[in-house]
Structure formats: structure tokens, C-alpha cells
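> model the following, please.
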Amino acid sequence: MGKERITLELNSELMDRLRAAGVDPQAYLESVLARKAAAQRSLDDQALLDAAWAEENKLAIEEYNAQVNRIGTFASRQRTRRQNAAS
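Residues are numbered from 1 along each chain as shown. Here you go, the predicted model:
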């Protein structure tokens, strides 16, 4: 993999602190950016998987939502039972 030259302006006090701490700004920034790019790629991959899952399960989701609209959720039915029993 080749390298690309960029121009970057940083706060001079920050650069002084990095140098004093023995931190190589170029190596550190490259490492941080590589992790950020990998995390973004992972998020993008997950978004694609989520979209594919939603599409594959669209009918089941619609059927479940229709059932909830008709009879409510398990929790709501239990709550109604407890309220009726307490009355």
C-alpha cells in the first residue's frame, strides 16, 4: 500500500506535548484513522446485513405487527389480566 502526502495543521502546543511524550504524530494519526476506517466499514457491513435481514423477514414482521394490533403484546395481555384480577 502506497502513502499519500497530506498537509495538516495542528496546534503547536499539542505538537510540543506529543514530541515531549515521544509520540510519532504520523504513526499515531495513521493508526487512529485506520481504526476509524475499520469501524466505519464494520458499521456499513452491519447496516447491509440489517437491511438484508429486514427484507428477508418483512412478511413475518408485518404479520407480527398485525397480530399486536389485533390482540396486543404478551405483556399488555398479562397487565390486563392482573388488572382484571385485582378488580
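> how does this structure divide up, domain by domain?
By the assignment in automatic domain parsing, the chain contains the domains 10-55, 57-87.
> the ones you listed: lowest mean pLDDT?
Ranked by mean pLDDT, the domains of the chain bottom out at domain 57-87, which scores a mean of 91.
> any idea how far apart the tips of that domain sit?
Between the opening and closing residues of domain 57-87 we find a distance of 40 Å, counting by CA to CA, to the nearest Å.
> before we move on, back to that, can I get the domains of the chain in JSON lines including mean neighbour count and distance to Lys3?
Yep, even glycine has a C-beta here, placed from its N, CA and C like the rest. Listed next are the domains of the chain as JSON lines, based on neighbours: other CB atoms under 10 Å; distance: least, CB to CB, whole Å:
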{"stretch": "domain 10-55", "mean neighbour count": "10", "distance to Lys3": "9"}
{"stretch": "domain 57-87", "mean neighbour count": "10", "distance to Lys3": "45"}
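> dump those domains into TSV; add distance to Met1 as well.
Converted to TSV, the domains of the chain look like this (distance: least, CB to CB, whole Å):
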stretch	distance to Met1
domain 10-55	11
domain 57-87	39
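> and Leu18, how far from Gln26?
Relative to Gln26, Leu18 is positioned 10 Å away (CB to CB, to the nearest Å).
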